[in-house]
Each structure stands twice: as structure tokens, then as C-alpha cells.
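*Asks:* coordinates only, no sequence provided:
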Ligand SMILES: *Cc1c(COP(=O)(O)O)cnc(C)c1O
């Protein structure tokens, strides 16, 4: 498989863009080597600039749940674009889109659209502080919520309570107001709430963690967060930027039956265009300007092209059987991969949810960041490169999810399993 053109572009790009990329995960830093540059995509396939076709399990990190260049979504976007791409004034499309989200997501009565998942979580924190008059936030180690300052805190276990930023340049004042708990560990949350009485505005959590690899909430975890936050009169924020419209139309909150106070959305909601959103009850959302005193705005928010693509995407996802089929495809892939690893005698833990999975090179169950970190990342890097050589594009990091779309076929899965076999045994 030639990569000459990708390699040339990467060396050009590195001179004029930091690390040659516009988002760090794209640079293959944790698996090594030179990233492939993509030229086009259709359905479950991507093509790089050297003409290689690969089965894609990154799917733009989730948005392309209907596959790339879905004709219905593309037509909707093109139609909207022909009528103007941005007005900075209200449109009917925003009303249509809002209605769909409000109907689908249990916790959302009123919604505000923004342009990215980062803006959604950033605004949700501001809203929680505005509503409660408190300043501290609890997040989970290994939870990713975009690159908002207060959330770029991940601290190792010993430093967990001290709010040490995991990025340079974060104002220590922001970092200090962020407390870090362990995922799936209610006691750690309870401890922080009790040692910071009356100070915590919100607990923010991915109800299905997707950014330490896929990690599911253990029984009672989300329910426990719900009752602890009620008890301490702080808000529960579900960051459903990955799980929203992926595990079900109503997100993880509908599958687990736990209703947060504020929900953050992104990725799928824009149908491949830049959109995020946050929503809550009408009462909480009445804090948001122009209705209330919490200011939040955006020139391109509710952009008509993105709204049209989002509407088309949600309408497709709302058709009967879509999630059942996606779950079946996920199970086929995950079961198949499990079998191939077992046959090859390579230890692996495979976590999955509808349309999502991660293969951890590990022999212990992965339930939080600590156990996710105990995986053999070097082995993942070797596996990743062999998979690419065999025509399958996986996330270039052990700590990310494989995204399965509604158009990944039986044939794709068969080819993928053959590639896994060759990568492990060949
Ligand atoms: C991707 C992601 C974000 C950030 O979204 P961007 O659109 O990249 O800013 C926030 N939360 C979660 C759970 C994510 O996976």
C-alpha cells in the first residue's frame, strides 16, 4: 500500500500547522508513523490521497453514523446551502431541529444550539454555575468533554482532588475548581461532595464513557450519581456528545432510564457539520440569555446548512429498526473480534455499546481510567498499523472508540475479521 502522497503532505503540513494537523488525535502520535491523508469517503469506506480504500471505523469520531456522504443528508445540506449558508437571524430549520431533539431526548425541554461539543459542555458548566450559584465541578478521570479550560483536568489518582491541569496554559484558578472522581466509583463522588459542602455546581459525566476507550457504567452508577446530586442539590450533566443518537435516539439517558438535569450533545447531531447543543428543563434553560442572565451566543449557531443536515440525520435515525440493526452489526463485529483474539491466544477485553466498541489489549476488565491505562498500548499500535495495511482504519489510539455506522455491511465485517486474523497471526 503506497503512502507516498500522504507522507509528502504530512511533511508539508508539519511546517505550517502544529504537528501537521488541526486536532491532535489525527497525528497518529500514540501509534507512531505518518497519518494517511483522506481524499474522499462514501458509506463505510474512505479513500486516501494515494488511492487506497479502507473500511472506516473512525467515522469522523462518531458524526457519520449514517455512513459518509449519505445522499439524503447531502441533498438536504446542498438544498439549504443554495438558499444561503448563514443569516445571523432565526430560521424555521432551527425550530424543526429543536422539536426533533426535544421529542427524542427525555431530559430536554428547551435547547440551545452551538457549533461544537466543546461549546456545549463549556456552556453547560456556565449554566450549572449560574443556576446553583456555586463554582466547583466534579468530573471523572479519563472523561473528555472537549477543550474547555475547566474540563482539561484529569489528574492522576494521587492528585485527584487537587485539580492539576493536564494541559499547559490552563488558568490554575479554573483547574482548582474542578474536582476529579473515578468513573464507576460512587464513593469517590460522595467523598468529594461531602468534603466540599455547598460548593459543587455540577457533576459532569459521559453516561457511556467513550474517551478512555468504551467503558460502560456499572449497574447503579448513573442512578447513584442521580441520587447523590439530588441529595447535595447540585446538577447532573450528561455529556452525550458521543452516546447521544448513537446508542438510541434518546441517548444513554433513555436506555438507562436516568434523567440528568442538563444534557450536552454534539457529533451526530450535526450530520457531519459543526454543531453542538445543550438542553435542560424549561426552568433551568430560563437562565440563558436573552431570557436570563447567563450569557452565551454564537455567530454561526443554528447554522441553516448544519440544521438541515441534522434534521435529515435524525429523521433517518428515527426510522423503525435502525438501532436494532446497528446493535446487531456491533454484536457481529464485537463477537467476531472476540473469537479471533481467542483463537490467536491474544488477551483482549472488548467493551461495546450500540454502534461503539473498543478492543483493549488487556486481560483485566476495563471499568475506569486506571484499568484502561493497564492495557498494552504498544501492542495496540502494532495492531493498528497492521489493520491499516490490511485495509481497515481504526482509531489511532487505544483510548478511543471504534465507531460503527448503519451502512457497515456483512461484507465489511467479514473483511475486518479477516484483517484482524492476519494482523494477529500473519
Ligand atoms: C468529542 C467530544 C466532545 C467535544 O466535542 P468537539 O465537537 O470536538 O468540541 C465533548 N464531549 C465528548 C464526550 C466528546 O466525545
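*Replies:* Cool, got the structure. Quantities reported herein were computed from a predicted structural model and do not represent experimental measurements.
*Asks:* now the least confident helix or strand in the chain by mean pLDDT, how far from the centre of its chain.
*Replies:* The weakest-scoring helix or strand in the chain, judged by mean pLDDT, DSSP states H and E, is helix 172-176 (a mean of 84). Relative to its chain's centre, helix 172-176 lies at 24 Å (Cα atoms, centre = their mean, to the nearest Å).
*Asks:* ok, now which ones touch the nearest residue to residue 135 once chain neighbours are set aside?
*Replies:* Among residues not flanking residue 135 along the chain, residue 177 sits closest, at 5.1 Å (Cβ to Cβ, 6 or more residues apart in numbering). Every residue, glycine included, has its C-beta placed from N, CA and C. By Cβ atoms under 8 Å, 6 or more residues apart in numbering, the contact set of residue 177 is 135, 136, 137, 150, 163.
*Asks:* now do residue 40
*Replies:* If you count contacts by Cβ under 8 Å, 6+ apart, residue 40 has them with 46, 47, 69.
*Asks:* so what's the first one up against?
*Replies:* In other words, residue 46. 38, 40, 53, 54, 56, 68, 393 are the contacts of residue 46 under Cβ under 8 Å, 6+ apart.
*Asks:* repeat for the second one
*Replies:* If you count contacts by Cβ under 8 Å, 6+ apart, residue 47 has them with 38, 39, 40, 41, 53, 54.
*Asks:* then residue 31?
*Replies:* Residue 31 touches 380, 381, 384, 385, 396, 397, counting by Cβ under 8 Å, 6+ apart.
*Asks:* residue 142 too?
*Replies:* Per Cβ under 8 Å, 6+ apart, neighbours of residue 142: 154, 183, 209, 211, 212, 215, 368, 369, 372, 399.
*Asks:* cutoff 6 Å now
*Replies:* 212, 369 (Cβ atoms under 6 Å, 6 or more residues apart in numbering).
*Asks:* give me the element it is part of.
*Replies:* Counting by DSSP states H and E, no helix or strand carries residue 142.
*Asks:* run through the residues that contact the most centrally placed residue in the chain.
*Replies:* In the chain, the residue lying closest to the centroid (Cα atoms, centre = their mean) is residue 242, at 3.1 Å. Counting by Cβ under 6 Å, 6+ apart, residue 242 touches 62, 210.
*Asks:* rewinding a little: separate out the buried members of the contacts of residue 177.
*Replies:* Among the contacts of residue 177, those classed as buried by 16 or more other Cβ atoms under 10 Å are 135, 136, 137, 150, 163.
*Asks:* in strands, which of the contacts of residue 46 appear?
*Replies:* 38, 40, 53, 54, 56, 393 (DSSP state E).
*Asks:* biggest separation within those, which pair?
*Replies:* Farthest apart among the ones in strands among the contacts of residue 46 by Cβ to Cβ are 40 and 393. That separation is 13.5 Å.
*Asks:* quick check: next helix or strand after the least confident helix or strand of the chain?
*Replies:* strand 178-181.
*Asks:* relative to residue 145, how far out is residue 175?
*Replies:* 14 Å (Cβ to Cβ, to the nearest Å).
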